[in-house]
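Novice: One predicted model, sequence on top.
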Amino acid sequence: MSPTSTLRRGWHDEAIWLIYLAGLLPAGWQFYLGVTGDLGADPVKTFELFLGVWAVRFLVLTLAISPLREIFGLNLIRYRRALGLLCFYYVLFHFTVYLLLDQEMALHAVIADVMKRPFIMLGMAGFALLVPLAVTSNSLSIRRLGKNWLRLHRLIYLVALCGGLHFYLATKVLSPQQYIYLTLLSMLLIYRIARPALKRKRKAGVRKQSQRLPSAAAN
């Protein structure tokens, strides 16, 4: 490996750790505000909503990596794992606050809440689907699972669907911020559905172009 490639790899590794650090800072700061009593009249709900919003932000960023590369040629694929794990961490924090602070570990209250408000069931389903993705987000799992790793990680789109519905149904009145994130999630899911057709169209265009080149050379 050349010195240049070694330096480049080192810079990328440092950038990934910076993403983790910057990504977790908002949660740490909000936790500090909660401890010091600066989160308003309902600190638990405020903290819970804050963590949920950040989970959606990192979900959007994770899903945006492939379209950015395929449409705009911006290759950020090496940072997708960090963004996906940050999404998982925020969902885990969100669920922990709900279970420990909101419901105070009362499982009967959680079950009653799920039965009364289906959006909580959607949120828990999204969280459950995220767990195997987070556990297998490492090089060892990629080698062991092979092609099955790709199949497993397509669950991120079901996570996006469950998370989007949970986010939509969690409040009676949607804020402009929620409309933005829900629109982005919808666009990314639509892109995923249309992606195979777009790839076929792109390949057909490349084939036609390659067929024209010999004809032009012959003339």
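Specialist: Arrived safely.
Novice: which non-adjacent residue is nearest V44?
Specialist: Nearest-residue entry for V44: L101, 4.6 Å, with adjacent residues in sequence omitted and distances by C-beta to C-beta, 6 or more residues apart in numbering. C-beta: built from backbone N, CA, C; applies to glycine.
Novice: so where is this structure shaky, pLDDT-wise?
Specialist: By pLDDT under 70, the low-scoring segments of the chain are 1-11, 203-219.
Novice: can you pull out the strands in the chain?
Specialist: Counting by DSSP state E, the chain has no strands to list.
Novice: Just give me the residue right at the centre of it.
Specialist: In the chain, the residue lying closest to the centroid (C-alpha atoms, centre = their mean) is L59, at 2.1 Å.
Novice: thinking again about what came up before, distance of the residue nearest to V44 from L49?
Specialist: 13 Å (C-beta to C-beta, to the nearest Å).
Novice: burial measure for H94, as a count.
Specialist: Look at H94: counted by other C-beta atoms under 10 Å, it has 24 neighbours.
Novice: tally of neighbours for the residue nearest to E48 when sequence neighbours are not counted?
Specialist: Closest residue to E48 apart from its sequence neighbours, by C-beta to C-beta, 6+ apart: V97 at 4.7 Å. Residue neighbour count, defined by other C-beta under 10 Å, stands at 21 for V97.
Novice: How about the residue nearest to the centre of the chain, nearest residue that isn't a chain neighbour?
Specialist: Going by C-beta to C-beta, 6+ apart, L59 has C87 as its nearest residue, at 4.8 Å.
Novice: next one: C162
Specialist: G126 (3.5 Å).
Novice: For that neighbour, the count of nearby residues, please.
Specialist: Using other C-beta under 10 Å: G126 sits among 24 other residues.
Novice: Repeat that for Y191.
Specialist: 16.
Novice: just the helices in this protein please.
Specialist: 3-35, 43-72, 80-96, 107-116, 118-135, 139-145, 147-153, 156-169, 176-218 (DSSP state H).
Novice: on that earlier part again, so the residue nearest to L59 sits against F58, correct?
Specialist: Yes: with contact defined as C-beta atoms under 8 Å, C87 counts as touching F58 (3.7 Å).
Novice: Comparing those two, which residue is more hemmed in?
Specialist: Taking neighbours as other C-beta under 10 Å, C87 and F58 compare with C87 leading, 28 against 21.
Novice: Now for the more buried one: which residues touch it?
Specialist: Contacts for C87 (C-beta atoms under 8 Å, 6 or more residues apart in numbering) come out as 55, 58-59, 61-62, 130.
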